[in-house]
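Engineer: The following block contains a protein sequence and its predicted model.
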Amino acid sequence: MVDRLVNSEANARRIAMVENCFGSSGRPLAEQGRVLVGEGVLTKMCRKKPKARQFFLFNDILVYGNIVINKKKYNKQHLIPLETVKLESLKDEGQFRNGWLIRTASKSFAVYAATSTEKEEWMAHIEKCIEDLLRKSGKQPPSEHAAVWVPDNEAAICMHCKKTQFTVLNRRHHCRKCGSVVCGPCSSKRFVLPTQSDKPLRVCLQCYDELTRDRARPAQAQQPAMLSPSKEGAGSGESSGDDDSDDDDDRAAATDNHDEPKFYGDGEKTDDTNNHSSKETKNIKE
Ligand SMILES: [Zn+2]
Ligand SMILES: [Zn+2]
């Protein structure tokens with residue numbers, strides 16, 4: 001489907017445009033054989049609440065970021081290699097409709113499209129890219145995926161002890177193994193989850209028990225480990241508040257009007273032959 005690289009010249013311009021919108025906050029994206037397959041806004045379930053994020057689907061990676069100025073400026077770029085991705089459709093539930101999970105070994109989260117058609121389109125395009133990639137590389141998709149974090153507001157009390165009420169002082173923590181929201185004492189243990197990090201990560205007591213039981217089996221390379229409380233939250237991604245870097249900075253996001261996602265490729269191949277750059281710009285970003 002991405003044969004002829006979706007008009008390599010138009011594709012190169014689109015990718016340059018994406019780079020431009022992320023500016024210095026993003027990584028270089030132009031690479032031999034890389035094609036921008038589609039783009040659009042999806043609602044990403046973040047730790048505190050759902051937030052609009054701009055997504056770019058390439059034939060080998062999925063890139064997303066915060067919207068600073070709609071269609072002009074994005075930041076907080078995240079880049080996910082597609083060959084590690086597994087999608088799981090979600091059933092509609094109340095206000096959460098047209099959603100699916102994007103799961104990888106190191107991070108998993110839910111996204112929601114505006115309509116069921118858009119959900120189908122997104123999922124089909126992503127699945128197709130993953131399939132093509134795995135076929136080409138001969139690799140197997142990862143068998144283990146990171147837990148999807150339970151959003152903060154879905155847990156007023158600790159999901160482990162079912163007693164601790166969360167307050168400003170009794171902060172919420174997330175178990176990196178099961179994604180539960182738990183209190184400090186119920187997540188005092190650390191365990192190395194190799195697919196997520198080399199460093200020991202916060203796990204709940206229940207997962208800790210299960211993981212240490214698993215470890216008795218010889219094939220498991222996982223190591224239990226304790227961190228002294230004083231080290232907690234110092235540097236690195238492991239903060240005691242478990243802050244998800246996606247969660248701040250979404251000035252422009254809330255008021256966006258809905259735009260349909262745009263997928264390049266099929267049926268578009270003749271589009272660019274007589275368009276010049278200014279028109280092309282408009283074409284992509286309209
Ligand atoms: Zn607890
Ligand atoms: Zn757990």
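Structural biologist: Perfect, I can see it now. These numbers were taken from a predicted model, which means no experiment stands behind them. Ligands and ions are numbered 1, 2, ... in the order given.

Engineer: Now stretch 201-215: buried residues?
Structural biologist: 201, 202, 203, 204, 205, 206, 207, 208, 211, 212 (16 or more other CB atoms under 10 Å). Yep, even glycine has a C-beta here, placed from its N, CA and C like the rest.

Engineer: Run the contact check for it versus ligand 1.
Structural biologist: No: Stretch 201-215 does not reach ligand 1 (CB under 5 Å from the ion); its nearest approach is 8.1 Å.

Engineer: I'd like the distance from that stretch to the chain centre, please.
Structural biologist: With CA atoms, centre = their mean, to the nearest Å as the basis, stretch 201-215 stands 25 Å off its chain's centre.

Engineer: try stretch 13-28
Structural biologist: On CA atoms, centre = their mean, the centre of stretch 13-28 falls 18 Å from that of its chain.

Engineer: Mind telling me what element the nearest residue to residue 36 once chain neighbours are set aside is part of?
Structural biologist: Leaving aside its sequence neighbours, residue 36 sits nearest to residue 14 (CB to CB, 6 or more residues apart in numbering; 4.6 Å). According to DSSP states H and E, residue 14 maps onto helix 8-22.

Engineer: May I have the helix or strand just after that helix as PDB, with CA atoms only?
Structural biologist: Using DSSP H and E, the next helix or strand after helix 8-22 towards the C-terminus is strand 36-45. Once non-C-alpha atoms are left out, strand 36-45 reads as follows in PDB (Å, rounded to 0.1, in the frame of the first residue of the first chain):
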ATOM      1  CA  LEU A  36       4.000   9.100   6.600                       C
ATOM      2  CA  VAL A  37       0.900   7.000   6.300                       C
ATOM      3  CA  GLY A  38      -1.600   9.200   8.100                       C
ATOM      4  CA  GLU A  39      -2.200  11.800  10.800                       C
ATOM      5  CA  GLY A  40      -4.900  13.200  13.100                       C
ATOM      6  CA  VAL A  41      -6.000  14.000  16.600                       C
ATOM      7  CA  LEU A  42      -6.900  11.200  19.000                       C
ATOM      8  CA  THR A  43      -7.900  11.500  22.600                       C
ATOM      9  CA  LYS A  44      -5.300   9.800  24.700                       C
ATOM     10  CA  MET A  45      -6.200   8.500  28.200                       C
END
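
Engineer: Could I get the buried residue list for the helix holding residue 14?
Structural biologist: Neighbour-count burial for helix 8-22 [16+ other CB under 10 Å]: 10, 11, 13, 14, 15, 17, 18, 21, 22.

Engineer: that older thread, dump the buried residues of stretch 201-215 to JSON lines, plus pLDDT.
Structural biologist: JSON lines is the format used below for the buried residues of stretch 201-215 (pLDDT from 0 to 100):
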{"residue": "201", "pLDDT": "96"}
{"residue": "202", "pLDDT": "97"}
{"residue": "203", "pLDDT": "98"}
{"residue": "204", "pLDDT": "98"}
{"residue": "205", "pLDDT": "98"}
{"residue": "206", "pLDDT": "97"}
{"residue": "207", "pLDDT": "97"}
{"residue": "208", "pLDDT": "97"}
{"residue": "211", "pLDDT": "95"}
{"residue": "212", "pLDDT": "94"}
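
Engineer: give me every residue that touches residue 152.
Structural biologist: 47, 48, 166, 172, 181 (CB atoms under 8 Å, 6 or more residues apart in numbering).

Engineer: hmm, I was thinking of residue 158
Structural biologist: 164, 166, 181, 182, 183, 186.

Engineer: Now with 7 Å, please.
Structural biologist: 164, 182, 183, 186 (CB atoms under 7 Å, 6 or more residues apart in numbering).

Engineer: Look up phi and psi at residue 208.
Structural biologist: Phi and psi for residue 208, reported as degrees, to the nearest 10, are phi -60, psi -40.

Engineer: in the protein, which spans are helices?
Structural biologist: With DSSP state H as the criterion, the chain has helices at 8-22, 116-137, 205-215, 277-285.
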